[in-house]
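Participant: 3D, please:
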Amino acid sequence: MTTPPFTPGLQLCGAFYREAVRPTLAEHFPGLEYTAALIGHGSEVLGFDDAMSSDHHWGPRVMLFLRPEEHPRLEPVIKSTLANHLPYTFRGYSTHFSEPDPNDNGVQHAESITSGPVNHRVEILTLAGYFANDFGFDLRAEPAPADWLTFPQQKLRTFTAGAVYHDGIGLEAQRERFRWYPQDVWLYLLAAGWARIGQEEHLMGRAGLVGDEIGSAIIGARLVRDVMRLGFLMEKVYAPYPKWFGTAFQRLDCAAELSPHLQPALAAQTWQERESHLVPAYEKLARMHNQLAVTSPLPETARAFFGRPFRVMALHGFSDRLLEQIHDPAVKKLASNPLIGNIDLFSDNTDLLEIPHFRPQLRTLFE
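Facilitator: Numbering: from 1, shown residues only. Sure, this is the predicted structure:
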């Protein structure tokens, strides 16, 4: 089968739902209440897919959410009906997929067939089941601060991104609940972000001053990432997982001014060069902080680090001023402990971020 010109996944799957899935449901299940969407895993959900993305686990697909009382009875029937009535191809792409590959993390590949039932990728789910499986959280409950801080941003982003093609059972209302952090949790995360910068911005120069430019470069790269993280937080945008972190950052309003400093900071050969690029980035963050008006205005110019030849910004007290604005008792309690932030700030481990099994143990850190 000839590969057609690339079509972004959200667009392709929306058309697949409207032109193939919806008519089949209307014919065989008239009056069925459901939600059709594309959220969760997949570069296309974030709008970052390209032609390379289409080589695995990509193609015409959609997620159908049913009411929980109807799901056990209807799931196998709908799955079978679609398998026997969906077209074999849609806009040049096969609708039939291989079985999950146990040797490749369950990946499925599009396969061309001309007869027999279609092994389609129309997932039939419930909202509560999807959220419990992806987040390890009961959607009927109200998230506490400890829950918000153990929901990885990359998952919050994929739940609130993507597209809802038809909403008969309230997915959009649930997505709105998780659109952004509660105010005091947000302030706590901003404070933790500034604290991370404050803990290392002077160490970059100190390492370089004793001739350890490799160590200085590592710290500098960490600081670049922390600057970017604060950019996401200040603009109230969830950061995606590492593959798309930089791509998503470039779409922030602050990227036009920050990127020309961050890119050369990463390429710098000496600590002085790194500092000369990072300081303007810190000062941009300070201006952004003041524009948020969440604290009284703070200095926007870097200062010396206790007489040493390093210029720093966090020493102006951004973190402390932010913590003073927190009123929620549970978050105030967190603010009285070391500012570890949320799971994204203290862990780079993929499994820890992706597998919800660990969330109950992690949650105890914030209680």
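Participant: My reading is that His166 is in a strand; is that accurate?
Facilitator: Yes: assessed with DSSP: H, G, I helix; E, B strand; the rest coil, His166 lies in a strand.
Participant: what's across from it in the sheet?
Facilitator: Beta bridges link His166 to Ala36 when assigned by DSSP bridges.
Participant: Against Thr160, how distant is it?
Facilitator: According to CB to CB, to the nearest Å, His166 and Thr160 sit 18 Å apart. For glycine as for every other residue, the C-beta is placed from the backbone atoms N, C-alpha and C.
Participant: Show me where the chain has its strands.
Facilitator: Along the chain, counting by DSSP state E, strands occupy 35-38, 62-65, 89-90, 93-94, 122-125, 163-167, 303-305, 308-312.
Participant: Just put those in JSON lines and tack on distance to Gly211, mean pLDDT and mean neighbour count.
Facilitator: Compiled in JSON lines, these are given as follows (distance: least, CB to CB, whole Å; pLDDT from 0 to 100; neighbours: other CB atoms under 10 Å):
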{"stretch": "strand 35-38", "distance to Gly211": "52", "mean pLDDT": "98", "mean neighbour count": "24"}
{"stretch": "strand 62-65", "distance to Gly211": "55", "mean pLDDT": "98", "mean neighbour count": "24"}
{"stretch": "strand 89-90", "distance to Gly211": "61", "mean pLDDT": "96", "mean neighbour count": "19"}
{"stretch": "strand 93-94", "distance to Gly211": "56", "mean pLDDT": "94", "mean neighbour count": "19"}
{"stretch": "strand 122-125", "distance to Gly211": "55", "mean pLDDT": "98", "mean neighbour count": "19"}
{"stretch": "strand 163-167", "distance to Gly211": "53", "mean pLDDT": "98", "mean neighbour count": "18"}
{"stretch": "strand 303-305", "distance to Gly211": "19", "mean pLDDT": "95", "mean neighbour count": "14"}
{"stretch": "strand 308-312", "distance to Gly211": "15", "mean pLDDT": "95", "mean neighbour count": "18"}
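Participant: Leu74: which of the ones you listed is closest?
Facilitator: Checking those against Leu74 by CB to CB gives strand 122-125 as the closest, at 7.6 Å.
Participant: Identify the residues contacting the residue nearest the centre of the chain.
Facilitator: The chain has Gln154 as the residue nearest its centroid, 2.2 Å off, counting by CA atoms, centre = their mean. Gln154 makes contacts with 238-241, 344, 353, as judged by CB atoms under 8 Å, 6 or more residues apart in numbering.
Participant: quick one: which of the residues you listed sit in helices?
Facilitator: The helices, defined by DSSP state H, take in 344, 353 from these.
Participant: any idea of the pLDDT on the closest residue to Val294 other than its chain neighbours?
Facilitator: Counting by CB to CB, 6 or more residues apart in numbering, Val294 lies nearest to Gln325, which is 6.0 Å off, once chain neighbours are set aside. pLDDT, Gln325: 97.
Participant: Pretty sure Gln325 sits against Leu187.
Facilitator: Yes: assessed by CB atoms under 8 Å, Gln325 is found in contact with Leu187 at 5.5 Å.
Participant: which residues do the two both contact?
Facilitator: Residues touching both Gln325 and Leu187 (CB under 8 Å, 6+ apart) are Val294.
Participant: Give me the more crowded residue out of these two.
Facilitator: Between Gln325 and Leu187, counting by other CB atoms under 10 Å, Leu187 is the more crowded of the two (25 against 15).
Participant: How about the contacts made by the more buried one?
Facilitator: Going by CB under 8 Å, 6+ apart, Leu187 touches 294, 322-323, 325-326, 331.
Participant: So which of these are in helices?
Facilitator: Using DSSP H, the contacts of Leu187 in helices are 322-323, 331.
Participant: shouldn't His327 be in contact with Asp184?
Facilitator: Yes: the criterion here is CB under 8 Å, and His327 meets it with Asp184 at 6.2 Å.
Participant: So between those two, which is more surrounded?
Facilitator: When His327 and Asp184 are compared for neighbours, Asp184 comes out ahead with 21 against 9, by other CB under 10 Å.
Participant: isn't that one right up against Pro329?
Facilitator: No: shown here, Asp184 and Pro329 do not form a contact pair, counting by CB under 8 Å, at 9.6 Å.
Participant: relative orientation of the top helix by length along the chain and strand 308-312 in degrees?
Facilitator: In the chain, assigned by DSSP H, the helix with the most residues is helix 183-209. Helix 183-209 runs at 150 degrees relative to strand 308-312, counting by axes from the mean of the first three to the mean of the last three CA atoms, to 10 degrees.
Participant: Might you calculate how far helix 183-209 sits from the centre of the chain?
Facilitator: On the basis of CA atoms, centre = their mean, to the nearest Å, helix 183-209 sits 21 Å off its chain's mean C-alpha point.
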